[in-house]
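Asks: coords please:
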Amino acid sequence: MTQVPSILRILPEVILTLTGVAIMLIEASIPAQWPRRYLGWLAAIGATAALYASIWQFSLPEGTGFFGTVETSAFTIFFHILICGVVLVALLLSLDTLPEDSHHQGEFYALMVFGAVGMCLLTSAVELLLVFIALEISSISTYILACYRKNTGRGPEAALKYFLLGSFATAFFLYGIAMAFGATGTTQIYEIAHLAATAPNHAFVLAAMALMLIGILFKVSAAPFHIWTPDVYEGAPSPVVALMSTGPKVAAFAFLLRIVYEMFPTLHSVWAPLLWVIAVVSMTVGNLAALRQQNVKRMLAYSSIAHAGYLLAAFAGIGSIGIAAAAFYTAAYAAMNVGIFAVITLVSGYNEDRPMIDDYRGLIYRSPLLGSLLLFFLISLTGIPFTGGFFGKFYAFTAAMQSGAVILALIGLLNSGIAAGYYIRFALVAAQRPQAGPEEAAPPARPQVGVAVAAGLAFAALATLWLGIYPNEVLRIAQSGGHTLQAPALQVPAPAAPIATAVIGSTTPSR
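Replies: You can find the predicted model right below:
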């Protein structure tokens, strides 16, 4: 096999790192009175280059680099492309919404780029200590970004809650790594997959899996680890929430797939019922809480909890079926969620003077473009056909049913009906003609759509529409990633052989 330089296996991360360093150096070198907006364009160019580098990695042979700590495969490239696309849209959104006189703009753009480095590295790392470092890079960046509007009361409160609860989750994850090392004597994921089934202390293996699941489920805001989500979404700036609600979750779900399907495939009988229950609780708690919300961002925060449950339903699928369904759902969710937060940012403004659902009344008459896009993204979140949200739920529930989890799929469908209630309510408010009268306050000004944010909105809308009309290509890539995300051949006890056969499926390529 041709030897590939290790640096090429982390080329997107290298480009993003150099971009962030360049932004920091340039900002420190120019006078304080000079505008910083062009630093955002530099960050967007870096994200675009990283996106292109991720696509180029399809030409590399599958394998690992840096002494087996990072991997390049169809699975990792799929999520690299997704994360770089999300970061690019979030940067474009920030360019037209951050005030010219806002403080530390260069640091804002650099933190977004550095956060993307951690997210990308989290999807490609196959060594647990590197996974922990990647998780911290991503988390610290989002902690700081959540507090960017530090002159408001809710900004520091959101960041403090996010930091404290995130630190506890990180501690659980780190203890899980320690348990895995204690049980197997290694932190390399493939070696753990080999040794976990025959580890002398099986309780350590179970504890390691449980602790790592707690840490990752916090990052994806699945119930009951969702307490931070509504407050952080409400207090953080909308461009940050557009990134926070998609990028870190995409990376965390990618690593969650790696934990259950690649590191602990022989414990399917343990983690599958556990994720089954968490999926049901997340869907139900998220949707019921969202029904009562009048604040748009809090409603979407609970909606994201429910969507985490829908995605976890795909984990009931066996082997590459469940992996492909979960990967496709992450792509669909990322596209429609970053799109709807782009609309919210333009309507509410940087200071979010109009955060309530009633503030969107008549949006489609004030701004037909933004109103139509809002309705389109709400339709996709509901799961109406010809949108990415429909096929995301379809594949997730199909994977659950094919594995025998029919009740889970039915609960998911019921929750989708509940979710339609608050999505349709929001859509009707936006489509309702404003009431005219002497007592009526002056209508809100028509939101201004700049070139950068228009490009971001177009990117999100086209991706959502493409996933709903022509999902086959993305599903094919997700399926190829599902086949590569398999543990090496395991020597498992006889009772676990049927499960191992179902998970491994076809012949595993050499690493």
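
Asks: list the helices and strands the helix or strand where residue 483 lies packs on?
Replies: In this structure, residue 483 sits in helix 472-484 according to DSSP states H and E. On a contact count with 3 or more Cβ pairs under 8 Å, 6 or more residues apart in numbering; DSSP states H and E, helix 472-484 meets helix 74-97, helix 320-348. Every C-beta, even on glycine, is put in place using the N, C-alpha and C of the backbone.

Asks: average model confidence for the first one?
Replies: Translated: helix 74-97. The pLDDT scores in helix 74-97 average 93.

Asks: which element follows it toward the C-terminus?
Replies: As assigned by DSSP H and E, the chain's next helix or strand after helix 74-97 is helix 105-124.

Asks: the inter-axis angle of that following helix versus helix 74-97?
Replies: 170 degrees (axes from the mean of the first three to the mean of the last three Cα atoms, to 10 degrees).

Asks: off-centre distance for helix 105-124?
Replies: 13 Å (Cα atoms, centre = their mean, to the nearest Å).

Asks: where does this structure dip in pLDDT?
Replies: In the prediction, the chain carries residues with pLDDT under 70 at positions 1-2, 101-103, 318-319, 435-448, 486-511.

Asks: ok, 50 please
Replies: Scanning the chain for pLDDT under 50 picks out the ranges 1, 438-440, 488-511.

Asks: just the buried residues of the longest helix along it, please?
Replies: Secondary structure of the chain per DSSP state H: the longest helix is helix 154-184. Within helix 154-184, the residues that count as buried by 16 or more other Cβ atoms under 10 Å are 155, 157-163, 165-166, 169-170, 172-181, 183-184.

Asks: and that helix, what does it pack against?
Replies: Judged by 3+ Cβ pairs under 8 Å, 6+ apart, helix 154-184 is in contact with helix 128-146, helix 189-195, helix 202-219, helix 229-235.

Asks: for residue 273, see how far away residue 404 is.
Replies: Distance, residue 404 to residue 273, using Cβ to Cβ, to the nearest Å: 12 Å.

Asks: quick one, helices of the stretch 301-450 of the chain?
Replies: Along the stretch 301-450 of the chain, counting by DSSP state H, counting those that start in this stretch, helices occupy 320-348, 363-366, 368-382, 388-402, 406-431.

Asks: looking at these, which is buried most?
Replies: With neighbours taken as mean count of other Cβ atoms under 10 Å, the helices of the stretch 301-450 of the chain reach their highest mean count in helix 320-348, at a mean of 27.

Asks: packing partners of that one?
Replies: Packing contacts for helix 320-348, counted by 3+ Cβ pairs under 8 Å, 6+ apart, involve helix 74-97, helix 238-244, helix 247-257, helix 296-313, helix 368-382, helix 388-402, helix 451-469, helix 472-484.

Asks: between helix 472-484 and that helix, find me the angle.
Replies: 130 degrees.

Asks: off-centre distance for helix 320-348?
Replies: The answer for helix 320-348 is 8 Å, by Cα atoms, centre = their mean.

Asks: i'd like the first residue to be 59 from this point on
Replies: Right, with 59 as the first residue, what we last looked at is helix 378-406.

Asks: angle of that helix against helix 305-315?
Replies: Inter-element angle recorded for helix 378-406 and helix 305-315: 170 degrees (by the same axes, to 10 degrees).

Asks: residue 349: which of the helices and strands packed on helix 530-542 is closest?
Replies: Nearest to residue 349, of all the helices and strands packed on helix 530-542, is helix 378-406, at 17.7 Å by Cβ to Cβ.

Asks: wait, residue 396 sits on residue 304?
Replies: Yes - contact criterion Cβ atoms under 8 Å: residue 396 and residue 304 qualify, at 5.1 Å.

Asks: identify the contacts common to these two.
Replies: When contacts are counted by Cβ atoms under 8 Å, 6 or more residues apart in numbering, the set common to residue 396 and residue 304 consists of residue 144.

Asks: ok, back up a step: could you dump the helices and strands packed on helix 378-406 to a markdown table with distance to residue 404?
Replies: Putting the helices and strands packed on helix 378-406 into a markdown table (distance: least, Cβ to Cβ, whole Å) gives the following:
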| stretch | distance to residue 404 |
| --- | --- |
| helix 132-155 | 7 |
| helix 296-302 | 9 |
| helix 305-315 | 20 |
| helix 354-371 | 13 |
| helix 426-440 | 6 |
| helix 446-460 | 21 |
| helix 509-527 | 6 |
| helix 530-542 | 27 |
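
Asks: which one of the ones you listed lies nearest to residue 417?
Replies: Among these, if distance is taken as Cβ to Cβ, the winner is helix 354-371, at 7.9 Å.

Asks: if we can go back for a sec, which one, of the helices of the stretch 359-508 of the chain, ends up nearest to residue 256?
Replies: Closest to residue 256 of those, according to Cβ to Cβ: helix 378-406, at 24.8 Å.

Asks: compute the inter-axis angle for the closest one and helix 426-440.
Replies: Relative orientation of helix 378-406 versus helix 426-440 (the same axes, to 10 degrees): 150 degrees.
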